[in-house]
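Novice: Build me a structure from this.
(one chain, ligands or ions: 3)
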Amino acid sequence: MIQTPFGRLGNITKKKSDCSIRASGTDSVLWNVSQIETLLNLPFNDLVYQAQFAHRQHHKANAIQLSTLISVKTGGCSEDCGYCPQAARYHTEIEDQDMLSLDKVVTTAKAAKEKGASRFCMGAAWRGPKQSDIERMTKIISAVKVLGLETCATLGMLKSGQAEQLSQAGLDYYNHNLDTSPEFYNEIITTREYQDRLETLENVRRAGMHVCCGGIVGMGESRNERAGLIAQLANLNPYPESVPINNLVQIEGTPLYGIEAIDPLEFVRTIAAARITMPKSMVRLSAGRSEMSEVVQALCFLAGANSIFYGDKLLTTGNPDVDQDKVLFKKLGLQPL
Ligand code: SAM
Ligand code: DTB
Ligand code: SF4
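Specialist: Ligands and ions are numbered 1, 2, ... in the order given. The predicted structure is shown next:
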């Protein structure tokens with residue numbers, strides 16, 4: 001049973017999974033979409049209260065983990081993800097850039113560490129890496145790892161041998177998002193299947209790496225479809241250690257440009273549902289912070305977000321700068337983890 005301030009989760013009794021590879025130590029339970037929709041439909045105060053309660057059972061109340069992103073290879077991607085400025089087929093202002101040198105990545109990682117980041121996440125605009133890409137990435141990962149940073153990479157789909165090589169090189173986390181619910185998925189991406197994503201996540205797990213997996217909201221999905229995304233994430237076996245929740249950054253030239261933005265309170269609800277259903281995960285308030293007021297960000301932290309991307313750039317778009325985040329942390333009494 002999930003512990004909540006109300007004793008039980010409304011009238012929802014969760015059953016322990018009988019799946020074989022639930023992580024030891026996680027209180028993973030199986031969730032169905034309507035149970036998560038019930039959560040999302042709660043009065044806002046009740047939902048946030050439950051999320052804060054879950055948060056305080058497993059995490060320091062006022063500590064936020066900081067990850068810095070770098071794009072190690074930008075643009076020219078073969079895929080058709082409808083949100084992405086790096087897809088070659090959309091005409092955006094992004095300039096393509098070949099893979100960065102090892103020195104450039106290491107210099108950036110050192111600077112991120114000095115500014116207080118604990119994790120360094122390297123992204124590449126690939127459908128998936130080639131063997132030559134893996135060889136270059138393994139050198140980069142090892143060099144970043146020796147700086148004393150946690151390492152994370154997001155390079156697209158991985159075969160099992162590729163995941164093994166990255167893991168051997170010292171990669172701690174692999175980010176691969178499910179992005180949205182299975183039902184809404186084909187509205188957004190057609191060049192790879194939902195199942196392909198699940199297979200990559202399985203390969204990452206089997207190689208012994210931590211899973212960073214989340215999605216994007218504000219793409220025109222319904223509340224039921226947001227519940228569908230959270231159900232998929234929470235039912236991963238085990239659920240991801242790190243769950244990035246991105247608010248769509250609308251980029252001119254992409255198919256999703258101009259879509260109606262999600263109500264910020266609905267975004268906060270999604271964070272709360274992630275926190276309640278994946279109580280031990282780090283829930284990252286990810287893309288979209290530049291467009292968010294301090295008040296909305298504060299509500300996200302109250303609803304259980306305990307990680308952010310830190311530094312003035314995401315992959316190709318802007319993020320609040322370090323000084324702005326320091327001011328916000330001071331106002332809220334938050335500490336870097
Ligand atoms: N190419 C690899 C892949 O797709 O797996 C890795 C990089 S890709 C840019 C990483 C993630 O960034 C995507 O899965 C998506 O969730 C997120 N993302 C990309 N563009 C975004 C946008 N405009 N707004 C919010 N999130 C975005
Ligand atoms: C994730 O979930 N969000 C990050 C990271 N994982 C790689 C990427 C956000 C990208 C936002 C658009 C851009 O800057 O290109
Ligand atoms: Fe390519 Fe990743 Fe962008 Fe999709 S999200 S177009 S795979 S870079």
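Novice: ok, residues contacting stretch 184-203?
Specialist: Stretch 184-203 has contacts (Cβ atoms under 8 Å, 6 or more residues apart in numbering) with 78-83, 127, 157-160, 162-163, 176-180, 182, 211, 213, 219-222, 225, 228, 236, 256. Heads up, the C-betas are built off the backbone N, CA and C, glycines and all.
Novice: number of nearby residues for residue 327?
Specialist: For residue 327, the neighbour count with other Cβ atoms under 10 Å is 12.
Novice: Next: the one 10 residues further on.
Specialist: Here the neighbour count serves as a burial measure; for residue 337 (other Cβ under 10 Å) it reads 16.
Novice: Which strand residues bridge the residue nearest the centre of the chain?
Specialist: Among the residues of the chain, the one closest to the centroid is residue 244, at 1.9 Å (Cα atoms, centre = their mean). Residue 244 has the following beta-bridge partners by DSSP bridges: residue 284.
Novice: Output the strand or helix carrying residue 295 in PDB with nothing but the alpha carbons.
Specialist: Assigned by DSSP states H and E, residue 295 belongs to helix 294-302. Extracted in PDB, the C-alpha atoms of helix 294-302 (Å, rounded to 0.1, in the frame of the first residue of the first chain):
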ATOM      1  CA  GLU A 294       9.500  31.800 -10.100                       C
ATOM      2  CA  VAL A 295       6.100  31.100  -8.500                       C
ATOM      3  CA  VAL A 296       5.400  28.200 -10.800                       C
ATOM      4  CA  GLN A 297       8.900  26.800 -10.300                       C
ATOM      5  CA  ALA A 298       8.300  27.100  -6.500                       C
ATOM      6  CA  LEU A 299       5.000  25.200  -6.900                       C
ATOM      7  CA  CYS A 300       6.900  22.500  -8.800                       C
ATOM      8  CA  PHE A 301       9.400  22.100  -6.000                       C
ATOM      9  CA  LEU A 302       6.500  22.000  -3.500                       C
END
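Novice: Kindly list the longest strand within this protein.
Specialist: strand 63-73 (DSSP state E).
Novice: all helices of the stretch 1-150 of the chain, in order?
Specialist: Along the stretch 1-150 of the chain, counting by DSSP state H, counting those that start in this stretch, helices occupy 33-40, 44-58, 102-115, 131-145.
Novice: Mind putting the ones you listed into CSV with mean pLDDT, mean neighbour count and distance to residue 191?
Specialist: Output for those, formatted as CSV (pLDDT from 0 to 100; neighbours: other Cβ atoms under 10 Å; distance: least, Cβ to Cβ, whole Å):
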stretch, mean pLDDT, mean neighbour count, distance to residue 191
helix 33-40, 98, 19, 26
helix 44-58, 98, 18, 35
helix 102-115, 98, 16, 27
helix 131-145, 98, 18, 18
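Novice: Nearest approach to residue 280 belongs to which of these?
Specialist: Evaluated over the helices of the stretch 1-150 of the chain, closeness to residue 280 peaks at helix 44-58, with 5.0 Å, by Cβ to Cβ.
Novice: which parts of this structure sit against ligand 2?
Specialist: Listed as neighbours of ligand 2 in the chain under the rule Cβ under 6 Å from any ligand atom: 69, 85, 123, 154, 175, 177, 214, 244, 246, 249, 286-287, 314-317.
Novice: and those, which of them are in strands?
Specialist: The members of the residues of the chain next to ligand 2 that map onto strands under DSSP E are 69, 123, 154, 175, 244, 246.
Novice: how about these in CSV, adding pLDDT and distance to residue 143?
Specialist: Listed next are these as CSV, based on pLDDT from 0 to 100; distance: Cβ to Cβ, whole Å:
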residue, pLDDT, distance to residue 143
69, 98, 17
123, 98, 17
154, 98, 18
175, 98, 19
244, 98, 24
246, 98, 28
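Novice: ok, and the most crowded of those?
Specialist: Among those, residue 244 has the most neighbours (other Cβ under 10 Å), with 26 neighbours.
Novice: give me the low-pLDDT residue ranges for this structure?
Specialist: 1-28 (pLDDT under 70).
Novice: and residue 271, what does it touch?
Specialist: Taking Cβ under 8 Å, 6+ apart as the contact definition, residue 271 lies against 51, 245, 283, 285, 300, 303-305.
Novice: Need the residues you listed in a markdown table (columns: distance to residue 34).
Specialist: Shown next, in a markdown table, are those (distance: Cβ to Cβ, whole Å):
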| residue | distance to residue 34 |
| --- | --- |
| 51 | 19 |
| 245 | 21 |
| 283 | 22 |
| 285 | 26 |
| 300 | 25 |
| 303 | 21 |
| 304 | 21 |
| 305 | 24 |
